[in-house]
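Asks: Fold the following and give me the result.
(2 chains)
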Amino acid sequence: MKIDKKEKAVVVIGSGPGGAQVAYQLTKQGIPVVLLEAGRRIMKEEYVNEEWPAFSQMAWLDKRTMTGNSRIVQDFNGLPTWLVKAVGGTATHWAGATPRFLDYEWKTKSTYGSVDGATLMDWPIDGKEMKPYYVKAEDAIGSTHRGGRPALPANNNYKVFAEGAKRNGYKFYATGPYGTNAAPYDGRPASVQDGFNFQGDKSGAKWNPNVSEIPKALASGKLELRENSQAVQITTDSSGKADGVLYMDTKTKALHRQEAKVICVAGNSIETPRLFLMSASARHPNGLANSSDQVGRNYMRHLTGSVYATFDKPVNFYRGETMAGFLADEVKHNPKRGFVGGYYLETLALGPSFLGAFLDPGRWGKKFADMMDGYQNMAGMWIVGEDMPQKNNRITLGSAKDAFGLPAPNVHFDDHPNDTAMRNHAYEKGEAIYKAVGAKQTYRVTPYPHTHNLGSMRMSAKAKDGVVDKHGRCHDVKNLFVSDGSVMTTGAACNPTLTITALAIRQGEYLAEQLKKGNV
Amino acid sequence: MKITRRELLISAGSLLAYSQLGSLANAEVNIAAQPGDQEMIASMCKALYPHDRFPMNIYMDIAAGAIKKGNADTGAKISFRAGLDGLKINSFDKMSFKKQTKYLNSIANTPFFGLVRGHTVVALYDHKEVHKIFGYQGASFDRGGYKDGEYNDLSWLPDPRIEEHPDLTAFLDDSSPKKYASLKTKKTF
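Replies: Just a heads-up that it's a prediction; the model follows:
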């Protein structure tokens, strides 16, 4: 449908898992929505099954600056994250793991106690309240191993991972839960084991909003999807309520304005706070909805790293599903290990193109070449664990300008000692898994540009402690919502997409009800 | 490694090269255009990422790309010229691998090294012939994906369980904040 720019509309900014889901929930209930997306709609037929061309096709490459002590500042300066600028958002290149938060991960301050330098806080919601939304989210995505849906078969990389895990006494390994169909589901086909989840998935077996919520919402006749439309400022009326969105046509650079009665922002954890900071005004001098000074703070990106190993015999680990291998034994909080929180180990395969760039950034010489030379005999896994929120890990407006003359975001991130301790523990366990099945050489791999970007608009019970309330509604601006992973008070150990989806379903239902009651 | 203009200008070698370039008046100067230059750069690419299995023509392709980048702008040109000069003066291509490695270590902080290394690591492992040598088959969508017997053809380990362990639900559900708060946090940092 076409919605007039002068009409006070419900406007959703960003079409990733958060924004597309909220838009879908609203349109499903008959509420018209304008969905602004900075990127274009790339149809699945256009996806390219080559790593660098696909990266160029969809990665968010707008200017960003970086500071902090993490190695990535040196390795990939200017590219703190690996996100997607396209309809469907970063879910376009998500791998697909769908674990849930554990109950205590909603209450880390109460559970872990005080950790020096960390700004742990309890979420204003808990596991019990979220349980039904997790079920809805798993059904929306079609998670394997859940809702009666079958498991994906084992690929070669999983065979090495699972047997190594077993020989280490681990029990909780499986090929999921995973957001790619093992059997046809929801109008999408079963996996044909063609890999390339990080490049968009040409078959449509992998869930992402571009093959699910977006076409469904468009079919409802209640959605207007505006591609290449990058929001640059949210305006407010004399009472301080949000009343419109200025957005730029990224092709023509023309500036447009959409009048709004409600705005939901889902630009991921860098662009969302950036937009709020760029929306400073006389009524909101420190940035929109920032009386708490929490906009942009407590930015998290999960504790990550990888372990690769080579063996005497071929593995061909790149074949089949990219991340359909999962180990939960190390996820439980156990402070005896020397850190709080926990982590998952998940299978991961890269092609030679990306492996060369990410195996050991900056490294050269015989040892590196030997590792690459073992490509065919290689297995790989990814570490994903809870990282500590810190108040100075934050998104600010830097002095550099992007290609449109807008202030480029600066991403500051210092590793917390808890992150380092957990990463080292995980490296050891990952290596032990591969050594148990005869690894010749193992390699500890530093984080890639980050895909899990969380926090920076944290959810809190009290207005002074965070930006949004338990429904993602801004404490300071009642018709302004945040609908993405930036609301995460703390990040838990699990891959975030399922939780972002669950929160967005919950928010969509809440907002539809409030709109119908006239409470917004 | 990203090379800034400032880093280029503070390099003494580059400043020298810059002054020499100035004397060339208005002639269009292309770097590494002499016979043997591409071979010299190729020998550097190979010393950086040595693979006995790769034929020299692959490294020549990579060198061609590096030279193109070395001619991309004036800043790149002056550092590339100085770096190449160093390789030539020292007969880098005639050195033993051990000496080559030592030499590369000695220039590892120069913009020239950064350009060649950064280009090589990306271009080399993205090279179609390298993929073939590695046994990487890449895309399979057009032929219907990897088949049963391909994506799972590893036979030197037993076939694993793919379902979750029956105790997993209980393990994950046993996560009450109260219970886990009673575990004493051992401060190690």
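Asks: Are we agreed that A:Gly287 is in a strand?
Replies: No: using DSSP: H, G, I helix; E, B strand; the rest coil, the assignment for A:Gly287 is coil, not a strand.
Asks: Tell me who's in contact with it.
Replies: A:273, A:276-280, A:295-296 (Cβ atoms under 8 Å, 6 or more residues apart in numbering or on different chains). Any C-beta I mention is one placed from the backbone N, CA and C, and that applies to glycine too.
Asks: Is the closest residue to it other than its chain neighbours in a helix, a strand, or coil?
Replies: Here the nearest residue to A:Gly287 in space, its sequence neighbours aside, is A:Leu277; by Cβ to Cβ, 6 or more residues apart in numbering or on different chains that works out to 4.2 Å. Reducing the assignment to helix, strand or coil with three-state DSSP, the entry for A:Leu277 is helix.
Asks: What remains of the contacts of A:Gly287 if I keep only buried residues?
Replies: For these, a burial check counting by 16 or more other Cβ atoms under 10 Å in any protein chain shown picks out A:273, A:276-280, A:295-296.
Asks: What helix or strand is the residue nearest the centre of chain B located in?
Replies: Residue closest to the average C-alpha location in chain B (Cα atoms, centre = their mean): B:Val121, at 1.5 Å. In this assignment (DSSP states H and E), B:Val121 forms part of helix B:111-125.
Asks: Tell me the buried residues in that helix?
Replies: Taking 16+ other Cβ under 10 Å as the basis for neighbour counts, the residues of helix B:111-125 that come out buried are B:111-125.
Asks: Check which helices and strands the very next helix or strand once past it sits against.
Replies: Remark: after helix B:111-125, the chain's next helix or strand is helix B:128-134, criterion DSSP H and E. Of the remaining helices and strands, those touching helix B:128-134 by 3 or more Cβ pairs under 8 Å, 6 or more residues apart in numbering or on different chains; DSSP states H and E are helix A:352-358.
Asks: what does the helix it packs on rub up against?
Replies: Here helix A:352-358 makes contact (Cβ under 8 Å, 6+ apart) with A:50-52, A:198, A:308, A:350, A:372, A:375, A:445, A:448, B:121-122, B:124-126, B:130-131, B:134, B:136.
Asks: the helices in chain B, which residues?
Replies: Under the criterion DSSP state H, chain B carries helices at the ranges B:5-9, B:12-22, B:37-48, B:56-70, B:74-89, B:97-106, B:111-125, B:128-134, B:168-173, B:177-181.
Asks: In JSON lines, list those helices along with mean pLDDT.
Replies: Converted to JSON lines, the helices of chain B look like this (pLDDT from 0 to 100):
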{"stretch": "helix B:5-9", "mean pLDDT": "38"}
{"stretch": "helix B:12-22", "mean pLDDT": "37"}
{"stretch": "helix B:37-48", "mean pLDDT": "98"}
{"stretch": "helix B:56-70", "mean pLDDT": "97"}
{"stretch": "helix B:74-89", "mean pLDDT": "96"}
{"stretch": "helix B:97-106", "mean pLDDT": "98"}
{"stretch": "helix B:111-125", "mean pLDDT": "97"}
{"stretch": "helix B:128-134", "mean pLDDT": "98"}
{"stretch": "helix B:168-173", "mean pLDDT": "98"}
{"stretch": "helix B:177-181", "mean pLDDT": "95"}
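Asks: Which pLDDT value goes with the nearest residue to A:Cys494 once chain neighbours are set aside?
Replies: Excluding its sequence neighbours, the residue lying closest to A:Cys494 (Cβ to Cβ, 6+ apart) is A:Pro99, at 3.8 Å. In the predicted model, A:Pro99 carries a pLDDT score of 98.
Asks: Surely A:Pro99 and A:Asn495 touch.
Replies: Yes: applying Cβ atoms under 8 Å, one finds A:Pro99 in contact with A:Asn495, separated by 6.2 Å.
Asks: what touches both of the two?
Replies: A:Tyr344.
Asks: If you count surrounding residues, which of the two has more?
Replies: A:Asn495 (26 against 23; other Cβ atoms under 10 Å in any protein chain shown).
Asks: hang on, the earlier thing: now the residue nearest to the centre of chain B: how far from B:Pro50?
Replies: Taking Cβ to Cβ, to the nearest Å as the measure, B:Val121 and B:Pro50 are separated by 13 Å.
Asks: A:Lys313 now?
Replies: 24 Å.
Asks: So for these two, which residue has more residues nearby?
Replies: Just comparing A:Lys313 and B:Pro50: by other Cβ under 10 Å the higher neighbour count belongs to B:Pro50, 19 against 11.
Asks: show me what contacts the more buried one?
Replies: If you count contacts by Cβ under 8 Å, 6+ apart, B:Pro50 has them with A:365-366, A:369, B:97.
Asks: Let me know how buried the nearest residue to A:Tyr318 once chain neighbours are set aside is, in neighbour terms.
Replies: Excluding the flanking residues, the one nearest A:Tyr318 by Cβ to Cβ, 6+ apart is A:Ala349, at 4.5 Å. Burial measure for A:Ala349: 29 neighbouring residues, criterion other Cβ under 10 Å.
Asks: Return stretch B:33-45 as PDB; C-alpha atoms alone will do.
Replies: Once side chains and other backbone atoms are set aside, the C-alpha atoms of stretch B:33-45 remain, and they are given as PDB (Å, rounded to 0.1, in the frame of the first residue of the first chain):
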ATOM      1  CA  ALA B  33      57.000  -1.200 -15.200                       C
ATOM      2  CA  GLN B  34      60.500  -2.600 -15.800                       C
ATOM      3  CA  PRO B  35      61.200  -6.100 -17.000                       C
ATOM      4  CA  GLY B  36      61.600  -8.400 -14.100                       C
ATOM      5  CA  ASP B  37      59.600  -6.200 -11.700                       C
ATOM      6  CA  GLN B  38      56.500  -8.400 -11.600                       C
ATOM      7  CA  GLU B  39      58.700 -11.400 -11.000                       C
ATOM      8  CA  MET B  40      60.400  -9.600  -8.100                       C
ATOM      9  CA  ILE B  41      57.100  -8.800  -6.500                       C
ATOM     10  CA  ALA B  42      55.900 -12.300  -7.100                       C
ATOM     11  CA  SER B  43      58.900 -13.700  -5.200                       C
ATOM     12  CA  MET B  44      57.900 -11.500  -2.300                       C
ATOM     13  CA  CYS B  45      54.300 -12.700  -2.500                       C
END
